[in-house]
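Q: next come a sequence and a model predicted from it.
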Amino acid sequence: MKIALLSRNPKLYSTKRLLQAGKERGHTVHVINTLQCYMSIATDNPSIHYKGKTLDGYDAVIPRIGASVSFYGTAVLRQFEMMGVMPVNESVAISRSRDKLRSLQLLSRKGIGLPMTGFAHYPDDIPDLLNMIGASPYVIKLLEGTQGIGVVLAESKKSAEGMIEAFMGINANILVQEFVKEANASDLRCFVVDGKVIAAMERRAAAGDFRSNLHRGGTAHNVRLTPEEKQTAEKAAKVMGLSVAGVDLMRSNKGPVVLEVNSSPGLEGIERSTGIDVATEIFKFIERRHKTFKPKKRP
């Protein structure tokens, strides 16, 4: 198959591994910088152009779209979809997962465990919002944050009120969540492909930090999930509509709770900590899905 790999950086571990795995399975894989694509929005013949040439003849597209370019990246992916190219993750599912508030609302509606979460607009509502969540400390998250950036811990109700007021003062959208103390500054990254967890790792925060992201200096190792954790991760990916997803869970006294569902999960941490060839599993899924794939008809 001829496959487009949307990635802004061909030197990233995830990009290199997907390129390698695709070639090993006999596919032609082209790394395409998402932001350098430009599109012709036409009724009869929608097209994508890249470095002066038309992109055509692709069977599938693997979107590795960073959070900072979600708007343009999903627009490019939609154009591929309009051209009848099979997406590994659909543009609508990526947009859904990138909206942290919407994601939590959808997961909540399906009965999936979540940390107690609050969201408000007016500063006058902050005291009641914190009472609703419970006792301190509180985790405050920017809706647009990623890789642990924009996540802070407020040790007391007073400090939480000050932080929230500061964020509101610059018109930043935030979530306020309970701090799951029993998780001991660790979480679980579950890698889901085609509805099944194929690999999982436990991430533990660096000394003095509460964020377990590997980009923040956290460490990772292979972990055995409980049946409930596995089921929760698979259900969360399904609710988001993602065929490939990284589902972040935390072990709490009330069972597994979902922190986030990532539509472009990195491969480096999960492959190195588990020894599982995740990149090849993604291509096996592409091969299975393409056999029955039917492009959606345009209205």
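A: Looks like it came in fine.
Q: buried residues in stretch 103-121, which are they?
A: Ser103, Leu104, Leu106, Leu107, Ile112, Gly113, Leu114, Pro115, Thr117, Gly118, Phe119, Ala120 (16 or more other Cβ atoms under 10 Å). To be clear about C-beta, it is placed using only N, CA and C from the backbone, and glycine gets the same treatment.
Q: what sits against the fifth one?
A: With contacts defined as Cβ atoms under 8 Å, 6 or more residues apart in numbering, the neighbours of Ile112 are Thr232, Lys235, Ala236, Val239, Val258.
Q: which of these sit farthest apart?
A: Thr232 and Val239 (10.5 Å; Cβ to Cβ).
Q: neighbour-wise, which of those two wins?
A: Between Thr232 and Val239, counting by other Cβ atoms under 10 Å, Thr232 is the more crowded of the two (24 against 21).
Q: Ala279 touches Pro265, doesn't it?
A: No: in this structure Ala279 lies outside contact range of Pro265 using Cβ atoms under 8 Å: 11.7 Å.
Q: pick out the residue closest to the middle of this structure.
A: Central residue of the chain (Cα atoms, centre = their mean): Asn262, 1.2 Å from the mean position.
Q: just the buried residues of stretch 103-121: which are in strands?
A: Of these, the ones assigned to strands by DSSP state E are Thr117, Gly118.
Q: so which residues of the stretch 51-200 of the chain form helices?
A: According to DSSP state H, counting those that start in this stretch, the stretch 51-200 of the chain carries its helices in the segments 70-82, 91-98, 100-109, 126-133, 157-169.
Q: low-confidence stretches in the chain?
A: Residue ranges of the chain with pLDDT under 70: 144-148, 206-217, 297-299.
Q: mind doing that once more with 80?
A: 42-44, 120-124, 143-150, 205-219, 296-299 (pLDDT under 80).
Q: let me see the domain layout of it.
A: 2-89, 96-112+182-284, 117-179 (automatic domain parsing).
Q: point out the most buried one among the ones you listed.
A: Comparing the domains of the chain by mean neighbour count (mean count of other Cβ atoms under 10 Å), domain 96-112+182-284 ranks first with a mean of 19.
Q: can you give the distance of it from its chain's centre?
A: 9 Å (Cα atoms, centre = their mean, to the nearest Å).
Q: and it, end to end?
A: 25 Å (Cα to Cα, to the nearest Å).
Q: fine, thanks again, bye for now.
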